[in-house]
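Participant: I would like to see how this sequence folds:
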Amino acid sequence: MTVRRSAAALTALAAATTVLGGAAPAAFADGTPSPVAIPPGLYGTKDPQFDGVFRQSLAFLAQEKANVKPAEQAIGWLAGQQCANGSFTSFRADTSTACDPKKLDTNATAAAVQAFVAVGGHADVIKKGVTWLKSVQQDDGGWPYTPGLGGSDANSTAIVIGALAAAGEKPADVKSAKGGKTPFDALLTFALPCDDPGGPGAFAFQPDLKTQKLYANADATAAAVTGALGKGLTATAGPADTKGTACEKATTPEQAAHNGAAHLARTLAPTGFLKAPPMPGAADQPDFGNTADAVVALAAAGQSRQAKASADWLAKNAGPWAKENGPAAYAQLVFAADATGADPSNFGGLNLVKSLNATGPAPQSAVTSTPSAQTSRSKDDDGISLWWIVGAGLVAGIGVGFLISGRKKNQQL
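Facilitator: Residues are numbered from 1 along each chain as shown. Below is the predicted model of the structure:
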């Protein structure tokens, strides 16, 4: 999700770079965040312009897992980010002005809806958010990152399914105005067949913009598996999958979810982790965020053995990554721990909940944290890893077809 979020944000960056013929903004050229003031109530300390709403929402969802209620100041900040039409953008520095229609964000909106369901109350915020999401459903039944800019993608469609389900809707009954397509219809169009040499059973982010070919994408696969099962960001373990890791012809969302989870299990088996997007001249690096997402997807799909093995790997290795990336990263690890039955208060010796609480205002109740942890804010916390944004910016010349997901043809599994 942290990586997913930054990749989604780069969609707009890539589009602007292509249209204007320019390079990445100077703020990203040297890895230095833009000097945006961090508003009171927001989790994390670095530039929130691409992920403020998203990391706040993930923080609330993770705290709910530990029976921690966020501070009213934090909840009020997120509620204040909602646009008049019910949508959310990535971040609004000035909430007194109307939202820019070109910045409306299905992912941020879907995450916020799930967060407010977890917090409780705020029925008006939830209803307005769901109503807006339904209003921008595309003809194929899915959703793009930004309505009106590009076609539906697996990640956005999956996170909206999670929001609909959390809000008490039946995603299968949410159909496009033209064609009557459901979100599950859209997800099936992103599923690779079992005879695809690049990733049998995996999901693509969306078809290649030039060739319309599908390329296996680990992030999209993890998202689509939980979405195809009708679950959200905090999906819990499902019944054991007795089919193992065999790929089968998928004509239903459940079959596609099995295939996607099987693909993830086969990919994770050798090392326990997914690889980060390749960078020119750099050695392969683990992708902690997508590995955590994959753990949740595997657990939800009943692939418990590999889910636990990869969660154990995260417990041993992901602490420094979480400290660097802040609230969203801590939240992802909480989700992975919860989905596999691990203890988030002792995840490889790290108290994830205490660490998460320390990145924002002291929560109303924190059964697993201490006052000192609640009131401190680490200068290292953030919702997006800047190295990932800078690295993705380096490949802008490849074109929007690659950058739109940040994880496409050259990142096949």
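Participant: For stretch 134-152, which outside residues touch it?
Facilitator: Around stretch 134-152, the neighbours that count as contacts under Cβ atoms under 8 Å, 6 or more residues apart in numbering are 8, 11-12, 15, 101-107, 133, 153-157, 160, 174-179, 181-187, 189, 206-207, 404. To be clear about C-beta, it is placed using only N, CA and C from the backbone, and glycine gets the same treatment.
Participant: repeat that for 6 Å
Facilitator: 8, 11, 106, 156-157, 160, 176, 178-179, 181-183, 185-186, 206 (Cβ atoms under 6 Å, 6 or more residues apart in numbering).
Participant: Can you list the low-confidence ranges for the stretch 1-150 of the chain?
Facilitator: The model of the stretch 1-150 of the chain has pLDDT under 70 over residues 1-35.
Participant: rerun at 90
Facilitator: Applying pLDDT under 90 to the stretch 1-150 of the chain flags residues 1-37, 46.
Participant: of the contacts of stretch 134-152, the lowest pLDDT goes to which?
Facilitator: Lowest in pLDDT among the contacts of stretch 134-152 is Thr11, which has 40.
Participant: thinking again about what came up before, show the buried residues in the contacts of stretch 134-152.
Facilitator: Among the contacts of stretch 134-152, those buried by neighbour count (16 or more other Cβ atoms under 10 Å) are 8, 11, 106, 156-157, 160, 176, 181-183, 185-186, 206.
Participant: Excluding chain neighbours, what is closest to Ala301?
Facilitator: Of all residues not flanking Ala301 in the chain, Ala261 sits nearest, at 3.5 Å (Cβ to Cβ, 6 or more residues apart in numbering).
Participant: Just the helices from the stretch 101-250 of the chain, written as ranges.
Facilitator: For the stretch 101-250 of the chain, applying DSSP state H, counting those that start in this stretch gives helices covering 106-119, 123-135, 154-166, 183-189, 218-228.
Participant: and if you look at the stretch 301-413 of the chain?
Facilitator: Secondary structure of the stretch 301-413 of the chain (DSSP H, counting those that start in this stretch): helices at 304-317, 319-325, 327-339, 352-357, 371-375, 386-394, 400-403.
Participant: any idea which of these scores lowest on pLDDT?
Facilitator: Looking at these, the weakest mean confidence is helix 400-403, a mean of 28.
Participant: State the distance from the closest residue in space to Asp241 that isn't next to it in sequence to Pro239.
Facilitator: Using Cβ to Cβ, 6+ apart and skipping the chain neighbours, the partner closest in space to Asp241 is Gly302 (3.5 Å). Separation of Gly302 from Pro239 (Cβ to Cβ, to the nearest Å): 5 Å.
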